[in-house]
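**Q** How does the following fold in three dimensions:
(2 chains)
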Amino acid sequence: MIGPEQTLKMSENTEKVSGGRNLRIAILGRLFAPLLVLVLLVIVWQVAIIFFKIHPIILPTPLAVFQSFWTERSILAKAAFITGAAALCGLVTSVVLGAMIAVLFSQSAKLRAAFYPYVIFLQTVPIVAIAPLLIIWSGNNFRTIVLVSVIISIFPIVSNTTAGLLSINENLRDLFRVNDATRWQTLIKLRVPAAVSHLVLGTRISCGLAVIGAIVGEFFVGNSGAYDGLGTIMTQWQGRQYTSALIAAVLVSTLLGVLFFGSINLLSRTVLRRWTSAANLESE
Amino acid sequence: MERLPRPKEILINTSLDSRNAGFAIECSSVTVRFIDRRTFQQRSILNRMDLQVPAGKVVALLGKSGCGKSTLLRSIAGLQSIDEGRILIDDRSIEDARDSLAFVFQEPALLPWRTAIENVCLPLELQGNVNRVEIHRRAIRILDSVGFTHSDFSKLPLHLSGGMKMRASLARALVTEPTLMLLDEPFAALDDILRWRLNEMLLELCNAQSRTILFVTHNIAEAIFLSHQIAILHDGEIARWIDNPLPQPRSSNLRSSTEFAQFYGQISKSLAEISLDDRA
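**A** I've put the predicted structure just below:
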């Protein structure tokens, strides 16, 4: 068990050394430790099945999972694509709608006082409880899944962006007042640019939730055949006790979440490059 | 308090030698009250304050913390609502005079997502009566005049030094060509050498155009070097109003002269006396 620690130390040391080759070693070093953990986990998994004589319906072998993944690859790919699309639509809707709500909230304290409790309500309502309702209202379709995804992912965006629009450095607010800026000018030239970093951070929190929302929504759509997302096929395979494929689906949905988070992170870093100093100024 | 000279009387004297051009700022019995957060009692931060600043003069406001200097400045800028009294700027109300005044904050207060030059353009953009090309032209001219480095024009504030940020902030205040400038401890965050350099620059800019300037400072030397008159505030009132005897125009040599040192002594003594009154 000294292995991972050593590699960790190695990667720390190599990071300090500059230069292309050393950087490559540093990146490899950084990848090496988690990969080692993965290999160890798979070995433990396999050994546990042999040692405890676990039935394949309870826990199939890693190889069986990989085989199921391969045989069901086209179904999984299609499902992942549909779920990904639903989550993306949900996230985009959340960002657009959430930003709009936040702007409205920033413009009126009364509006904020009246509606903000309901936004918190959205956050606390158990999505598992209202998903069946939404399916009754909106049907077994893509739109319903997007809706579930929006409901679960909009809160961090609204609350973060509202906070960003309202927490303006006092001097900057005074600067706009001294220059006789209109309400509209203050919104467009001061509040909105100042809130960009908050919106991006909210989106970063929400992107994982959007994927979870889509999959949870799909659990309730059922296997009518009208819709085939990751959540739908998971419920189907669960019914057939097709455990190996179910685990493969779980892994695929995790991967989808990671992909989502990774790309949003990458996007946000580009957007934030110009805006990071905004946060610095506020804390000054 | 009665022992202190009434500001009005002295003001009449100072206004006689001031070209008789009327007052750039005229405050009459301005009162601003605050509610103390601990005792829940009302406290006047400005107490029936009378202040008249002749046009084209530079006036320094001195006084210890909490004496109402900044509140006075913010009231004149219209950033602080007053409970009683009246403030006129060039015989107009504050709302009407907004386009002829500029405010410089203690911090540079630059928009972090805008480059230096974009920050300087902001006030003109907000006024909205000048086209983009003209705005840019004016911003460049004013940045030049405050000694802003050309290579820094398109840098974000994050990448600018403290001195450059303050220069940009000054340029932003000057770009609208205000007749009245209000400065709230503008150079307090800078080191001494930089402070002096910016003082000299400000003086040059003021001498060129006869601007009225009212500024708050804690630095006696700065107050002496820049001002025509010095007002010492105490407990929301003007406790002393002192004419600056040093000749104009001034250069950096002035600071090493005996007159400068003598006047410095006089001001520090006044400040000390006022604090003593407080204890008695």
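**Q** top helix in chain B by residue count?
**A** Longest helix of chain B, by residue count under DSSP state H: helix B:258-279.
**Q** quick one: buried residues of it?
**A** B:F260, B:F263, B:Y264, B:I267, B:S270, B:L271, B:I274 (16 or more other CB atoms under 10 Å in any protein chain shown). To be clear about C-beta, it is placed using only N, CA and C from the backbone, and glycine gets the same treatment.
**Q** between those, which is closest to chain A?
**A** The shortest gap between chain A and any of those belongs to B:L271, at 27.4 Å (CB to the nearest CB).
**Q** wait, what's in contact with that closest one?
**A** Neighbour list for B:L271: B:L62, B:G63, B:K64, B:I220, B:I232 [criterion: CB atoms under 8 Å, 6 or more residues apart in numbering or on different chains].
**Q** what do you get if the cut-off is 10 Å, keeping everything else the same?
**A** Remark: with contacts taken as CB atoms under 10 Å, 6 or more residues apart in numbering or on different chains, B:L271 is in contact with B:L62, B:G63, B:K64, B:I220, B:I232, B:H234, B:A239, B:R240.
**Q** Could you do A:T93 as well?
**A** By CB under 10 Å, 6+ apart, the contact list for A:T93 reads A:V146, A:L147, A:S149, A:V150, A:S153, A:I154, A:A210.
**Q** Considering the contacts of B:L271, which possesses the most neighbours?
**A** Using other CB atoms under 10 Å in any protein chain shown as the neighbour criterion, B:L62 leads the contacts of B:L271 with 28 neighbours.
**Q** Just list whatever residues bridge to that residue.
**A** Taking DSSP bridges as the rule, B:L62 bridges to B:I232.
**Q** Quick one: neighbours of A:V211, just the number.
**A** Residues near A:V211, counting by other CB under 10 Å: 29.
**Q** In JSON lines, list the contacts of A:T93 along with pLDDT and distance to chain B.
**A** As requested, the contacts of A:T93 are arranged in JSON lines below (pLDDT from 0 to 100; distance: CB to the nearest CB, whole Å):
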{"residue": "A:V146", "pLDDT": "93", "distance to chain B": "32"}
{"residue": "A:L147", "pLDDT": "92", "distance to chain B": "34"}
{"residue": "A:S149", "pLDDT": "92", "distance to chain B": "31"}
{"residue": "A:V150", "pLDDT": "92", "distance to chain B": "29"}
{"residue": "A:S153", "pLDDT": "91", "distance to chain B": "26"}
{"residue": "A:I154", "pLDDT": "91", "distance to chain B": "25"}
{"residue": "A:A210", "pLDDT": "93", "distance to chain B": "27"}
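**Q** Need those in JSON lines (columns: neighbour count and secondary structure).
**A** Output for those, formatted as JSON lines (neighbours: other CB atoms under 10 Å in any protein chain shown; DSSP: H, G, I helix; E, B strand; the rest coil):
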{"residue": "A:V146", "neighbour count": "25", "secondary structure": "helix"}
{"residue": "A:L147", "neighbour count": "23", "secondary structure": "helix"}
{"residue": "A:S149", "neighbour count": "31", "secondary structure": "helix"}
{"residue": "A:V150", "neighbour count": "23", "secondary structure": "helix"}
{"residue": "A:S153", "neighbour count": "28", "secondary structure": "helix"}
{"residue": "A:I154", "neighbour count": "26", "secondary structure": "helix"}
{"residue": "A:A210", "neighbour count": "31", "secondary structure": "helix"}
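**Q** can you list the residues of the stretch 51-200 of chain A near chain B?
**A** A:169-182, A:185-186, A:189-190, A:193-194, A:196-197 (CB under 10 Å from any CB of the partner chain).
**Q** again, 7 Å this time
**A** Residues of the stretch 51-200 of chain A lying near chain B by CB under 7 Å from any CB of the partner chain: A:N171, A:L172, A:D174, A:L175, A:R177, A:V178, A:N179, A:D180, A:A181, A:Q185, A:P193.
**Q** Filter those residues down to the ones in helices?
**A** Using DSSP H, those in helices are A:N171, A:L172, A:D174, A:L175, A:R177, A:V178, A:Q185, A:P193.
**Q** who wins for neighbours among those residues?
**A** Most neighbours among those, by other CB under 10 Å: A:L175, with 27 neighbours.
**Q** Contacts only, for that residue.
**A** B:A109 (CB atoms under 7 Å, 6 or more residues apart in numbering or on different chains).
**Q** What score does it have for pLDDT?
**A** The pLDDT attached to A:L175 in the predicted structure is 93.
**Q** what does B:F260 give?
**A** For B:F260, the pLDDT comes out at 87.
**Q** Spit out the contact partners of it.
**A** B:F260 makes contacts with B:I224, B:L246, B:L254, as judged by CB under 7 Å, 6+ apart.
**Q** So which of these is the closest to B:A208?
**A** Lowest distance from B:A208 to those (CB to CB) belongs to B:L254, with 18.2 Å.
**Q** now the residue most central in space within chain B, nearest residue through space, not along the chain?
**A** Nearest to the geometric centre of chain B sits B:F215, at 2.0 Å (CA atoms, centre = their mean). Leaving aside its chain neighbours, B:F215 sits nearest to B:L183 (3.8 Å; criterion: CB to CB, 6 or more residues apart in numbering or on different chains).
**Q** so A:I168 sits in a helix?
**A** No. Under DSSP: H, G, I helix; E, B strand; the rest coil, A:I168 falls outside any helix and is assigned coil.
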